[in-house]
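Chemist: Mind looking at a prediction? Sequence and model below.
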Amino acid sequence: RLPPTYVDQLLRNWIELESEIPKDYALREAACAWVYTNLDTITNQLPYGYPRKIERSVHGSSRIASILCASVAILCVFFTASVVLSWSDTLVLKLVNVNILVWVTIGAAFVVTGSMAIAIGTFNTTCMLSRWMTVLGYAIELTPIVIKVGTINKLVREARQHRPYALNPKRLDSYFINTILLIIFYLIVTTLIDPVKATPVASMYRDDEVVVTMLDETCSSSRIQWATLDYIIQAALVLSACVLAIQSRDVFAEFNEGQGLALMVYSHLIFLIIRVVADRVISTSLSKSLFPKIDSILKSFDIIFAMAFYFGQKFLPIICPNYHERTARPERTARLDASMPVGGAIAMRTLRVEVNPGDNAVNIVGTTSVERENSELMGSLDISNCDDSHMSHVSAMTE
């Protein structure tokens, strides 16, 4: 701010020059003379960064990288879905329930759709679409696995204590539907209250004697609590699956389900931690507009690794019929102490399930005890023509 005396001097010069030169030129002459005389003082009063150059950041390399990663992830998901549908009649996929595999691929497709949307550009529409697809996609992918593994753990726990357990598929479906509806309700409410928008951000750097202001946009809402709550929902699903996978190591050992499930869940956990750290570090020390592209790349790699870990372990026995013979015993055998009601009495005491990878058959061998009469039960269950509703019971029983 200039002192008042400087302005007084300008006015006095103007009045004096009006008597010497034409009136129309007096003000301009007085102003030019005043600026020349007080140039150093005026220069010191200039704001930092003047003259300032304004540019709009492009992030060309990060944008191209995020689009390429999202494209590879989309191809991976569609390839996995096509293989699941093509091999839906095989024994390996029937034992793990094809419907669950389909829902896992649908959830993964949602996540990579959100990654592609935010990789293309940062707009209000893409920001909202990315958030919805990410939160809803991880829920659709992980919720069926959590319900399935939790049900199998409870089934085995009850069977080892010789207690009957009634498996109700409709109840399991209601758990899944209610969970997804609850998350959709949460997304609708938060979108109405505080929607995610393309928020402009600015950063400055000095280029020689010129200060350059970079303008860009990032996806954010007015409150950071909503983004934190999104991470908490994803973390709750991932941690639940982690705990159940650890508890199911003995249950899944014979069918090698636990290995693929554990790798998938652990990769989700690692990438979630990296995304949270990147969000906090980039938002504080680097350009905020760079985070959407990095987050898109991380989510794409997350889905690629998840598809490879979870489905690769299931596709290998189909591609290589001798896979189990190379890695384990020729005959896959699972032993399960169970109690099953037959005609109102407890019929089955010990159940052994034998699965041959090359045949669509499950051989059941066990001892029975019905009304104090002991007998041997041996049989073969042909599952080549079983539908998905029957396979859910066979999957739960065998695993």
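Modeler: That came through, no problem.
Chemist: Can you pull out the low-pLDDT segments for the chain?
Modeler: 1-3, 47-52, 55, 57-59, 165, 202-210, 214, 249-258, 283-287, 320-399 (pLDDT under 70).
Chemist: Now residue 213: which helix or strand?
Modeler: strand 210-220 (DSSP states H and E).
Chemist: Just checking: what are the partner strands of that strand?
Modeler: Strand 210-220 has its sheet partners listed here by DSSP bridges as strand 52-56 (parallel), strand 197-207 (antiparallel).
Chemist: and it, C-alpha only, in CSV?
Modeler: Extracted in CSV, the C-alpha atoms of strand 210-220 (Å, rounded to 0.1, in the frame of the first residue of the first chain):
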residue,chain,number,x,y,z
VAL,A,210,8.0,-15.8,-13.8
VAL,A,211,5.8,-17.5,-11.3
VAL,A,212,3.6,-20.1,-13.1
THR,A,213,0.2,-21.0,-11.7
MET,A,214,-1.0,-24.5,-12.6
LEU,A,215,-4.7,-25.0,-12.7
ASP,A,216,-6.2,-28.5,-12.5
GLU,A,217,-9.2,-30.4,-11.0
THR,A,218,-9.5,-33.3,-8.6
CYS,A,219,-12.4,-35.3,-7.3
SER,A,220,-13.5,-34.4,-3.8
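Chemist: Could you check how far that strand is from the centre of its chain?
Modeler: Centroid separation between strand 210-220 and its chain, computed with C-alpha atoms, centre = their mean, to the nearest Å, is 28 Å.
Chemist: can you pull the buried residues of that strand?
Modeler: 211, 214, 216-220 (16 or more other C-beta atoms under 10 Å). The C-beta positions use only the backbone N, C-alpha and C, and glycine is treated the same way.
Chemist: Now do the helix or strand that comes right after it against strand 210-220, angle only.
Modeler: Following strand 210-220 in sequence order, the next helix or strand is helix 225-247 (DSSP H and E). Angle, helix 225-247 to strand 210-220, by axes from the mean of the first three to the mean of the last three C-alpha atoms, to 10 degrees: 60 degrees.
Chemist: Give me the residues contacting helix 225-247.
Modeler: Helix 225-247 has contacts (C-beta atoms under 8 Å, 6 or more residues apart in numbering) with 131, 134-135, 138-139, 142-143, 145-146, 149-150, 153, 183, 186, 190, 194, 196, 220-221, 258, 261-262, 265-266, 268-269, 272, 275-276, 279.
Chemist: among those, which ones are buried?
Modeler: Buried among the contacts of helix 225-247 by 16+ other C-beta under 10 Å: 131, 134-135, 138-139, 142-143, 145-146, 149-150, 153, 183, 186, 190, 196, 220-221, 258, 261-262, 265-266, 268-269, 272, 275, 279.
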